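Colleague: Predicted coordinates and the sequence they were generated for:
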Amino acid sequence: MKAVEDRIKRSLRKELLGKRRSLTPEQIAGKSAIITSRVLQSWEYQQARTVLLYADFDCEVATGDMIASALRDGKRVLLPRVRPGVPWLDLYFVEDVAKQVAPGSWNIPEPRPEACEPGSLADIECVIAPGIGFDIHGGRLGYGGGYYDRLLNSLTPAQARVAVGLGFELQLVHEVPRGFFDASVSIICTEMNLIDNR
């Protein structure tokens, strides 16, 4: 059964990554600007003093303006870093992206541990998570490493209620295949919708 599920996930990842990569830089920038505006106006973001964001790569929803806005708003910004050899994300506070973030695992922009203060799950008051695909029930399809699944599954119920998945409208599917350990998000934000599935 798991082999079938894995095969479906691989096929869906390939399809959705192809769609995402078909977007032009101008389309990504325009759609990302709308998504950023939606997030910044959301209650989930507004109520948080500390926000877990991500630094985008490979045609993901661009988060540079979101990170900059959060810092201007006086929020504490956490960014994740892959821990080598361990399927877990370490969290670090970032105040200056230009000085504290550099390409890391798989060329993903990550905090430089020597330049940042470490954070923890307990610090999180809003989660902004990437994904390859989402469904309207909060199902999330990641890259397959399980990093965000472990993080999202480790949140308290209160933290999980403010977990927002970012994606373009073309990344929405009818149903994301879900295994036992696959985590969901409470809200999905695209350039056309803010879907609350709590």
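Modeller: In hand now; what should we look at? Numbers count the residues shown, from 1 in each chain.

Colleague: And the most centrally placed residue in the chain, its phi and psi?
Modeller: Here the mean C-alpha position of the chain is nearest to the C-alpha of Ala129 (C-alpha atoms, centre = their mean), at a distance of 1.8 Å. Dihedral angles of Ala129 (phi, psi; degrees, to the nearest 10) stand at phi -110, psi 140.

Colleague: Strands along the chain, start to end?
Modeller: With DSSP state E, the ranges of strands along the chain come out as 50-52, 76-82, 89-94, 101-103, 109-111, 117-118, 126-129, 133-135, 140-141, 163-166, 172-173, 187-189, 194-196.

Colleague: Mind jotting down where the helices sit in this structure?
Modeller: 2-21, 25-41, 43-46, 64-72, 97-100, 147-153, 157-160 (DSSP state H).

Colleague: and the longest one, how far from the chain's centre?
Modeller: Per C-alpha atoms, centre = their mean, to the nearest Å, the displacement of helix 2-21 from the mean C-alpha position of its chain is 18 Å.

Colleague: if we compare the strands of the chain, which one ends up closest to Leu17?
Modeller: Leu17 lies closest to strand 133-135 among the strands of the chain, at 9.1 Å (C-beta to C-beta). (C-beta placed from N, C-alpha, C; glycine too.)

Colleague: Remind me what the closest one packs against, helices and strands.
Modeller: Judged by 3 or more C-beta pairs under 8 Å, 6 or more residues apart in numbering; DSSP states H and E, the packing partners of strand 133-135 are helix 2-21, strand 140-141, strand 172-173.

Colleague: In contact with the closest residue to Leu53 other than its chain neighbours: list those residues for me.
Modeller: Using C-beta to C-beta, 6 or more residues apart in numbering and skipping the chain neighbours, the partner closest in space to Leu53 is Ile128 (4.8 Å). Ile128 makes contacts with Val39, Tyr45, Val51, Leu52, Leu53, Tyr54, Thr63, Met66, Val164, Leu166, as judged by C-beta atoms under 8 Å, 6 or more residues apart in numbering.

Colleague: before we move on, what about Tyr92?
Modeller: Going by C-beta under 8 Å, 6+ apart, the list of residues near Tyr92 reads Leu78, Leu79, Arg81, Gln100, Pro111, Pro113, Cys116, Glu117, Pro118, Gly119.
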